[in-house]
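Participant: Have a look; sequence and predicted model below, questions after that.
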There are 2 protein chains.
Amino acid sequence: MPELRRDPIIGRWVIIATERARRPSEFAHVPAAARSDGMCPFCPGHEDKTPREVYAVGRGPGQPANGPGWKVRVVPNRFPALKIEGELDRQAEGIYDRMNGIGAHEVVIETPDHTQTLESQGPAGITEVLLALKARIHDLRNDQRFRYIVVFKNHGASAGASLEHAHSQLIALPIVPRQVLAELEGARRHYDLKERCIYCDIVGQERKDRTRLVFENDSFVVMAPWAPRSPFETWIVPRRHESSFEDEPPERLGQCAQALGTTLRRLAAALGNPPYNFMVHSSPLRDPQSPSYHWHIELMPALTHVAGFEWGSGFHINPVPPEEAAEFLRKVNG
Amino acid sequence: MPELRRDPIIGRWVIIATERARRPSEFAHVPAAARSDGMCPFCPGHEDKTPREVYAVGRGPGQPANGPGWKVRVVPNRFPALKIEGELDRQAEGIYDRMNGIGAHEVVIETPDHTQTLESQGPAGITEVLLALKARIHDLRNDQRFRYIVVFKNHGASAGASLEHAHSQLIALPIVPRQVLAELEGARRHYDLKERCIYCDIVGQERKDRTRLVFENDSFVVMAPWAPRSPFETWIVPRRHESSFEDEPPERLGQCAQALGTTLRRLAAALGNPPYNFMVHSSPLRDPQSPSYHWHIELMPALTHVAGFEWGSGFHINPVPPEEAAEFLRKVNG
């Protein structure tokens, strides 16, 4: 059973995911990550190589579940960081805290085509992926043990992707992660002072300044943030205040898909298909609509290494000003 | 001039270090990091390839500064993330905060021998490096603009080292980094509740349990922490309460050097000379001795990639339980 452990000093939770373990001695050589040997478990025809699907879209009448014909397919992760069965069973061990690693870990297979990327499918395909994420969040949030769902994507081996076939992931957690708590608290502090959402203020200032704006459509702005942790960090922020990704109606998710696809195509064109990570930042499960918190996507190309300084201090050195990155992304075709 | 910018939501500061910049287009191909082409600026005889030294030890009488003969040499970083000259000049830009990137960025060249590692020199050589760090902190803390000095080491290109020759670094900052503030606050909260230092409690529990203990000497314990962020994360903690690294007397720094050297040799033997980062966690400059904060070193082999999940959530997945890592490191020779 995986375990959740809390750092006793700063309260950071860690998943000790023994079922994903390599033996200590195996770390002597970091294994190659991607595989493209024709045995991809995410390709149509290999549906039996994954756990049974929890969601699929695109099959015609008469095409059975767990067979081909899908456009987007969601399956439990075969090597989950957390297990869905069991109780949390919170325990002390001396001064330390632990609980069972209860949670859900699902994989969204974004396209049946092994050679496609998320963005190469165009807005309709990306919208199907966002609708799949929304549907899975709506299902998982019925489980009262879960407090937060981390929605993220790793693209490229050096950004942590272990399979090449385009996919994103959901991890449902029994706690709210520390970084999310810090955002909620920062946004609430601003609201207490000003009675305005800080993200709405940011959208307002960026649309006026335009130096960090990459582009916008009717519902979203794409921007380089004021204090980016790494070169070409890019945020996709809804123009209208909304605290939860999963409460957006389909038409606005379509606008989000258009913004996300354009962003990814421009980054690919500008930087030569870089590895990247993105995460959806949204309010905790079952929280009421919040006037202070505003959901958004944070996207980071994996261009620099996280070094000792960043690990130890939480302080980042970024050689590219966001104004330059945004100008570059405004001009590139994609 | 480099710039310090504050994220308006969570208060994370970032250095926009334009003088280290590559042009945006250069990110399309990440350049190879290490060089061993005989032109190493850290090797003896190449002293004119670095800025003029601020500290050196080992030269005999008649051997001039900025020439050969040194054992440990400290120079300003040739591509500093921060500049030493100027005023902070704190400014608003709409809702955002910035100040000039004032600080110091120095490099400690740990050995004249290009082929040696920090740990291969033995305890006497490592002690000289720690004494050099202490001397530089004592000098830099006289500058009232600086509030914190981050002392760290990147070993190996994938851990962020841009030169192969063994070196560590100091960055003096006009702010206390967020991660350090979180530790200070967590430790103070424990102290307020228990009137005990949480690190002293940890040392006590680990010396009793022994499952996460790697080894100890008269003054230090080396341990896998309860909630490690990555495989083989290892902490070196003084057994006696002390809040500042730079207040340790030379004899205890000798014990620290012995612990650090043994740890690095064991990690190298166990994992095949892995890339790694370490950082000295110490209390802010000029703070009085604190009963709640306890300095220590956190060391992380760079074996796994930081992926979207970790970036966005501050939540880590670690496939190796610390008890297994510690057992492995207890048994290996080094």
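Facilitator: In hand now; what should we look at?

Participant: Following the chain onward from the helix or strand harbouring A:A269, which element is next?
Facilitator: Element membership of A:A269 [criterion: DSSP states H and E] is helix A:250-271. Along the chain past helix A:250-271, the next helix or strand (assigned with DSSP H and E) turns out to be strand A:276-281.

Participant: Go ahead and name everything in contact with that following strand.
Facilitator: Applying CB atoms under 8 Å, 6 or more residues apart in numbering or on different chains, the contact partners of strand A:276-281 are A:133, A:150-156, A:159-160, A:180, A:183, A:245, A:264, A:267, A:295-302, B:307-309, B:311-313. For every residue, glycine as well, the C-beta is placed using N, CA and C.

Participant: Give me the residues contacting the helix or strand just after it.
Facilitator: Using DSSP H and E, the helix or strand that directly follows strand A:276-281 along the chain is strand A:296-301. For strand A:296-301, the surrounding residues in contact (CB under 8 Å, 6+ apart) are A:199, A:225, A:229-238, A:256, A:260, A:263-264, A:267, A:271, A:274-281, B:27, B:308, B:311-312.

Participant: my guess is A:L260 contacts A:I126, does it?
Facilitator: Yes. Applying CB atoms under 8 Å, one finds A:L260 in contact with A:I126, separated by 6.0 Å.

Participant: Give the residues shared as contacts by those two.
Facilitator: Contact criterion CB under 8 Å, 6+ apart; residues shared by A:L260 and A:I126: A:118-119.

Participant: what sits against the residue lying farthest from the centre of chain A?
Facilitator: Among the C-alpha atoms of chain A, the one most distant from their mean position (CA atoms, centre = their mean) is that of A:G94, at 34.8 Å. Contacts were defined as CB under 8 Å, 6+ apart; by that measure A:G94 touches B:205, B:209.

Participant: how near is A:P68 to chain B?
Facilitator: For A:P68, the distance to chain B under the criterion CB to the nearest CB, to the nearest Å works out to 29 Å.

Participant: And A:H190, by the same measure?
Facilitator: 8 Å.

Participant: A strand includes that residue, no?
Facilitator: No. The secondary structure assignment for A:H190 gives helix rather than a strand, going by DSSP: H, G, I helix; E, B strand; the rest coil.

Participant: Torsion angles phi and psi at the nearest residue to it once chain neighbours are set aside?
Facilitator: In this structure, A:H190 finds its nearest non-sequential neighbour in A:I198, 4.0 Å apart by CB to CB, 6 or more residues apart in numbering or on different chains. The phi/psi pair for A:I198 (degrees, to the nearest 10) reads phi -70, psi -30.

Participant: before we move on, what about A:W70?
Facilitator: phi -80, psi 160.

Participant: how many other residues sit next to it?
Facilitator: Neighbour count of A:W70, defined by other CB atoms under 10 Å in any protein chain shown: 21.

Participant: re the thing from before, what angle do strand A:276-281 and the helix holding A:A269 make with each other?
Facilitator: With axes from the mean of the first three to the mean of the last three CA atoms, to 10 degrees as the basis, helix A:250-271 and strand A:276-281 are set at 150 degrees to each other.

Participant: gap between helix A:250-271 and the chain center?
Facilitator: Taking the mean C-alpha point of helix A:250-271 and that of its whole chain, the gap between them comes to 14 Å (CA atoms, centre = their mean, to the nearest Å).

Participant: domains for chain A, by residue range?
Facilitator: Here chain A is described, according to automatic domain parsing, as comprising the domains A:3-24+A:31-177, A:179-331.

Participant: Pull up the residues of the stretch 101-250 of chain A that are close to chain B.
Facilitator: Counting by CB under 8 Å from any CB of the partner chain, the residues of the stretch 101-250 of chain A close to chain B are A:150, A:152-154, A:157-161, A:169, A:171, A:173, A:177-180, A:182-183, A:186-187, A:190, A:198-199, A:201-202, A:205, A:209, A:225-229, A:231-232.

Participant: Buried among those residues? Need that as a selection in ChimeraX.
Facilitator: For selection in ChimeraX, the members of these meeting the burial criterion (16 or more other CB atoms under 10 Å in any protein chain shown) are listed in this command:
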select /A:150,152,153,154,157,158,159,160,161,169,171,173,177,178,179,180,182,183,186,187,190,198,199,201,202,205,225,226,227,228,229,231,232
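
Participant: A strand includes A:G67, no?
Facilitator: No. Membership of A:G67 in a strand is not supported by three-state DSSP, which gives coil.

Participant: Identify the residues contacting it.
Facilitator: Counting by CB under 8 Å, 6+ apart, A:G67 touches A:47, A:59.

Participant: ok, it to chain B distance?
Facilitator: Separation of A:G67 from chain B (CB to the nearest CB): 30 Å.

Participant: Ok, A:W70 next?
Facilitator: Plainly put, A:W70 is 24 Å away from chain B if you go by CB to the nearest CB.

Participant: what do you get for A:I84?
Facilitator: Here the distance between A:I84 and chain B works out to 16 Å (CB to the nearest CB).

Participant: List of residues touching the helix or strand hosting A:Q205?
Facilitator: Here A:Q205 sits within helix A:198-209, counting by DSSP H and E. By CB under 8 Å, 6+ apart, the surrounding residues in contact with helix A:198-209 are A:186-187, A:190-191, A:194, A:212-213, A:216, A:221, A:223, A:226, A:237, A:239, A:241, A:292-294, A:296, B:8-9, B:94-96.

Participant: Report how many residues lie close to the closest residue in space to A:N100 that isn't next to it in sequence.
Facilitator: Spatially, and ignoring its direct neighbours in sequence, A:N100 is nearest to A:D89 (4.9 Å; CB to CB, 6+ apart). Using other CB under 10 Å, the number of residues around A:D89 comes to 10.

Participant: wouldn't A:D89 be in contact with A:M99 here?
Facilitator: Yes. Look at A:D89 against A:M99 with CB under 8 Å: they come within range, at 6.1 Å.

Participant: By mean pLDDT, which helix or strand of chain A comes out lowest?
Facilitator: helix A:308-313 (a mean of 67; mean pLDDT, DSSP states H and E).

Participant: For A:V221, name its beta-bridge partners.
Facilitator: A:E216, A:V237 (DSSP bridges).

Participant: For it, give me its contacts.
Facilitator: With contact set as CB under 8 Å, 6+ apart, A:V221 has these partners: A:203, A:206-207, A:213, A:215, A:236-237, A:239.

Participant: And for A:P76?
Facilitator: Neighbours of A:P76 in contact, by CB under 8 Å, 6+ apart: A:50-52, A:54, A:84, A:104-107.

Participant: Of the residues you listed, just say which sits nearest to chain B.
Facilitator: The closest of the contacts of A:P76 to chain B turns out to be A:H105 (CB to the nearest CB; 9.5 Å).

Participant: Surely the closest one is in a strand?
Facilitator: Yes. The assignment for A:H105 is a strand, going by three-state DSSP.

Participant: could you flag which of the contacts of A:P76 are buried?
Facilitator: In those, burial by neighbour count holds for A:50, A:54, A:84, A:104-107, counting by 16+ other CB under 10 Å.

Participant: mind checking the SS state of A:Q116?
Facilitator: Following three-state DSSP, we place A:Q116 in the coil state.

Participant: got it, and the one 4 residues further on?
Facilitator: Using three-state DSSP as the criterion, the local structure at A:S120 reads helix.
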